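Enquirer: sequence? don't have it. structure:
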């Protein structure tokens, strides 16, 4: 059984940066991803990474956000730069059902989820 806990969410001004972390209990060689959900909107996949370091990004964050993982520390990261008000959301980390990055960043392809951390850009 895999458990995840996100941290690093905060209130930040537009143009600012934040680094989110996700501590994963138990080793996971599976693909991992970051999602976000704003009030009244569907959960959106924004980035994914496999155990080899291959990555995938949503167009909305490409060039601004960077996903990484430290397999030795069982930790997933999301570096967010040039933040915009529309990035405001609850951010979730998740472990995929496969080792390979799913073709699309769909929540249904992920099995385990953290409780989320709030990011507010204002």
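Expert: On my side now, so go ahead. Since the model is a prediction, treat every value here as computed from it, not as a measurement. Residues are numbered from 1 along each chain as shown.
Enquirer: secondary structure element for the residue nearest the centre of the chain, which one?
Expert: Central residue of the chain (C-alpha atoms, centre = their mean): residue 34, 1.8 Å from the mean position. Residue 34 is part of strand 32-37 when elements are defined by DSSP states H and E.
Enquirer: likewise for residue 22?
Expert: According to DSSP H and E, residue 22 maps onto strand 18-25.
Enquirer: what average pLDDT does stretch 54-72 get?
Expert: Summarised as a single mean, pLDDT over stretch 54-72 is 95.
Enquirer: for it, how far is the first residue from the last?
Expert: The separation between the terminal residues of stretch 54-72, taken as C-alpha to C-alpha, to the nearest Å, is 17 Å.
Enquirer: ok, now stretch 108-122?
Expert: 31 Å.
Enquirer: can you tell me what sits against that stretch?
Expert: 2-14, 16, 18, 20, 22, 33, 35-37, 80, 83-98, 102 (C-beta atoms under 8 Å, 6 or more residues apart in numbering). Any C-beta I mention is one placed from the backbone N, CA and C, and that applies to glycine too.
Enquirer: then stretch 35-48?
Expert: Applying C-beta under 8 Å, 6+ apart, the contact partners of stretch 35-48 are 31-34, 55-58, 60-61, 65-67, 78, 87-94, 96, 101-102, 104-107, 110, 116, 119.
Enquirer: buried residues in that stretch?
Expert: When neighbours are counted by 16 or more other C-beta atoms under 10 Å, the buried residues of stretch 35-48 are found to be 35, 36, 43, 44, 45, 46, 47, 48.
Enquirer: could you export those as JSON lines, including distance to residue 71, secondary structure and pLDDT?
Expert: Below are the buried residues of stretch 35-48 laid out as JSON lines (distance: C-beta to C-beta, whole Å; DSSP: H, G, I helix; E, B strand; the rest coil; pLDDT from 0 to 100):
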{"residue": "35", "distance to residue 71": "21", "secondary structure": "strand", "pLDDT": "98"}
{"residue": "36", "distance to residue 71": "24", "secondary structure": "strand", "pLDDT": "98"}
{"residue": "43", "distance to residue 71": "25", "secondary structure": "coil", "pLDDT": "97"}
{"residue": "44", "distance to residue 71": "26", "secondary structure": "strand", "pLDDT": "96"}
{"residue": "45", "distance to residue 71": "21", "secondary structure": "strand", "pLDDT": "96"}
{"residue": "46", "distance to residue 71": "21", "secondary structure": "strand", "pLDDT": "97"}
{"residue": "47", "distance to residue 71": "17", "secondary structure": "strand", "pLDDT": "97"}
{"residue": "48", "distance to residue 71": "15", "secondary structure": "strand", "pLDDT": "97"}
